[in-house]
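**Q** predicted model follows, preceded by the sequence.
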Protein chains: 2
Amino acid sequence: MSADPFDELLEALRCLPGVGARSAQRMALQLLERDRDGGRRLADALATAMRDIRRCRRCRNFTSDEECRICRSDRRSSEVLCVVESPGDVLAIEAATAFDGRYFVLLGRLSPLDGIGPEDLGLDLLGERLDEEGVAEIIIATNTTVEGEATAQYLREMAESRSIRTSRLAQGVPLGGELEHTDRSTLAHAFSSRLPMR
Amino acid sequence: MSADPFDELLEALRCLPGVGARSAQRMALQLLERDRDGGRRLADALATAMRDIRRCRRCRNFTSDEECRICRSDRRSSEVLCVVESPGDVLAIEAATAFDGRYFVLLGRLSPLDGIGPEDLGLDLLGERLDEEGVAEIIIATNTTVEGEATAQYLREMAESRSIRTSRLAQGVPLGGELEHTDRSTLAHAFSSRLPMR
Ligand SMILES: [Zn+2]
Ligand SMILES: [Zn+2]
């Protein structure tokens, strides 16, 4: 029996985080009964995004161009570089703060047990940027998890060997929590009271 | 400025019921970071479903064929016809009961104020089926709203004029529910239509 398009849609919707059998059904019926245009638009947007969105060649954030908007902008300072784990962290910091420097997105964190080493996080690319762009300060905004802290230490050593100042977001970000899910004002406070890294 | 594929994806995801700005972002990042195959599959499933899923010509339920599986099956009885408002109701009844008759899906309910009359619910098509298929009983499973009740009355008259038996789902306190948390009108109805205990 060939796959039924309705069943196939239910199954496919469940790849979305937080969507179980019940919400998949609610979503499918809603689109089919009341919003086919929305469903078609979502199909197109998904196909385009999955095909065109890649990593920025300078900062590894998501973009559909060679370089992302922030890297292309000449209104952002090259002196301060904020290093984060994921694209969601960039969105969170942009929404919560007035930071006008640039970013570097690790897309992960050091995790020797999982075989994730410095090269997987593009730290060679980061090293080149530090050597070339006159960065004066690195704001290390990795998550406050064990692996995020280990990554932070590694970044601090990279910076120190180049005499670059480092800072870490102030505690206030909940321990063991993920930046992406931190409420705005906590994040804004932690960002502005960042401390020199020891 | 042309639409950014990431922003466009966020916007498009919000056509899904229950998906706000925050979950749209979580979904987009999850697909881009960890499940591009899932994202592509969802794009295809949506496009196929929006294009191919139409109404069954006999029962008006969703199907990608001329007639739906239930109408095509020769293991379902033609004697009992269950009339529901939406395809979701069919799924709910199929999952909860051993009903082995057939369905008719109104895809709405009578609502003169909104200009929704009998022909919008396919009641002419239903009339033809009643005249042709030897239906002995109609189970009227429209919702217990004012409009659902008005629709039920209309269906009962259609059946009576053809000497077809009608039944309506029993109404009362939900099984496993607490009286204390049952809404007033349900409770009042259940109280006044109490039955001798066996
Ligand atoms: Zn970039
Ligand atoms: Zn059918």
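**A** In hand now; what should we look at? Ligands and ions are numbered 1, 2, ... in the order given.

**Q** quick check: mean pLDDT across the longest helix along chain A?
**A** When chain A is parsed with DSSP state H, its longest helix is helix A:36-52. Throughout helix A:36-52, pLDDT has a mean value of 97.

**Q** and the residue lying closest to A:S78 once chain neighbours are set aside, how many neighbours?
**A** The shortest distance from A:S78 to any non-neighbouring residue, by CB to CB, 6 or more residues apart in numbering or on different chains, is to A:E133 (5.1 Å). From N, CA and C alone the C-beta is placed, and that goes for glycine too. The number of residues packed near A:E133 is 13, by other CB atoms under 10 Å in any protein chain shown.

**Q** ok, now A:D131?
**A** Neighbour number of A:D131 under other CB under 10 Å is 10.

**Q** what about chain A, any weak spots by pLDDT?
**A** Within chain A, the ranges that satisfy pLDDT under 70 run A:1-2, A:171-172, A:175.

**Q** one more time with 50
**A** Along chain A, the parts satisfying pLDDT under 50 run over A:1.

**Q** can you give me the strands for chain A?
**A** A:54-55, A:62-63, A:80-84, A:102-105, A:137-140, A:165-168, A:195-196 (DSSP state E).

**Q** turn those strands into JSON lines, including distance to B:A152.
**A** JSON lines is the format used below for those (distance: least, CB to CB, whole Å):
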{"stretch": "strand A:54-55", "distance to B:A152": "56"}
{"stretch": "strand A:62-63", "distance to B:A152": "52"}
{"stretch": "strand A:80-84", "distance to B:A152": "58"}
{"stretch": "strand A:102-105", "distance to B:A152": "58"}
{"stretch": "strand A:137-140", "distance to B:A152": "65"}
{"stretch": "strand A:165-168", "distance to B:A152": "66"}
{"stretch": "strand A:195-196", "distance to B:A152": "68"}
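
**Q** A:A150: which of these is closest?
**A** strand A:137-140 (11.6 Å; CB to CB).

**Q** quick one: the helices in chain A?
**A** Counting by DSSP H, the helices of chain A are A:5-13, A:21-34, A:36-52, A:69-72, A:87-96, A:123-132, A:146-160, A:184-192.

**Q** now these in a markdown table, with distance to ligand 1?
**A** Output for the helices of chain A, formatted as a markdown table (distance: least, CB to the ion, whole Å):
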| stretch | distance to ligand 1 |
| --- | --- |
| helix A:5-13 | 31 |
| helix A:21-34 | 33 |
| helix A:36-52 | 15 |
| helix A:69-72 | 3 |
| helix A:87-96 | 9 |
| helix A:123-132 | 10 |
| helix A:146-160 | 18 |
| helix A:184-192 | 19 |
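
**Q** got a list of what the residue in chain A that ligand 2 sits nearest to touches?
**A** Chain A approaches ligand 2 most closely through A:F6 (12.7 Å), counting by CB to the ion. With contact taken as CB atoms under 8 Å, 6 or more residues apart in numbering or on different chains, A:F6 is in contact with A:28, A:32, B:49, B:53, B:62-64.

**Q** just the closest of those to A:R168, please.
**A** Closest to A:R168, out of all of the contacts of A:F6 and judged by CB to CB, is A:A28, at 45.1 Å.

**Q** my guess is the closest one contacts A:D7. True?
**A** No: counting by CB atoms under 8 Å, A:D7 is not a contact partner of A:A28; they are 9.5 Å apart.

**Q** which residues touch A:C15?
**A** Per CB under 8 Å, 6+ apart, neighbours of A:C15: B:31, B:35, B:38-39, B:41-42.

**Q** those residues: which two are farthest apart?
**A** So, the contacts of A:C15 by CB to CB: farthest apart are B:L31 and B:R41, at 10.2 Å.

**Q** higher neighbour count, these two?
**A** B:L31 (25 against 17).

**Q** surely the more buried one touches B:D37?
**A** No: look at B:L31 against B:D37 with CB under 8 Å: they stay out of range, at 9.3 Å.

**Q** okay, the angle between the longest helix of chain A and helix A:21-34?
**A** 120 degrees (axes from the mean of the first three to the mean of the last three CA atoms, to 10 degrees).

**Q** what is the orientation angle of helix A:36-52 with helix A:5-13?
**A** Using the same axes, to 10 degrees: helix A:36-52 against helix A:5-13 is 50 degrees.

**Q** any idea how far helix A:36-52 is from the chain center?
**A** Remark: helix A:36-52 is offset 22 Å from the chain centroid, using CA atoms, centre = their mean, to the nearest Å.

**Q** now stretch A:89-103
**A** On CA atoms, centre = their mean, the centre of stretch A:89-103 falls 11 Å from that of its chain.

**Q** which parts of it are buried?
**A** A:89-93, A:96-97, A:99, A:101-103 (16 or more other CB atoms under 10 Å in any protein chain shown).

**Q** what's the domain layout of chain A?
**A** Annotated domains of chain A cover A:9-52, A:60-168 [automatic domain parsing].

**Q** could you measure from the nearest residue to A:M50 once chain neighbours are set aside over to B:G117?
**A** Of all residues not flanking A:M50 in the chain, B:G39 sits nearest, at 4.4 Å (CB to CB, 6+ apart). Separation of B:G39 from B:G117 (CB to CB, to the nearest Å): 42 Å.

**Q** comparing those two, which residue is more hemmed in?
**A** Neighbour count, other CB under 10 Å: between B:G39 and B:G117, B:G39 has more, with 25 against 12.

**Q** just to revisit the earlier point, mind putting the contacts of A:C15 into CSV with distance to A:A141?
**A** CSV is the format used below for the contacts of A:C15 (distance: CB to CB, whole Å):
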residue, distance to A:A141
B:L31, 23
B:D35, 25
B:G38, 28
B:G39, 27
B:R41, 33
B:L42, 31
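
**Q** could I get those residues as a markdown table with distance to ligand 2?
**A** Converted to a markdown table, these look like this (distance: CB to the ion, whole Å):
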| residue | distance to ligand 2 |
| --- | --- |
| B:L31 | 34 |
| B:D35 | 34 |
| B:G38 | 31 |
| B:G39 | 32 |
| B:R41 | 27 |
| B:L42 | 26 |
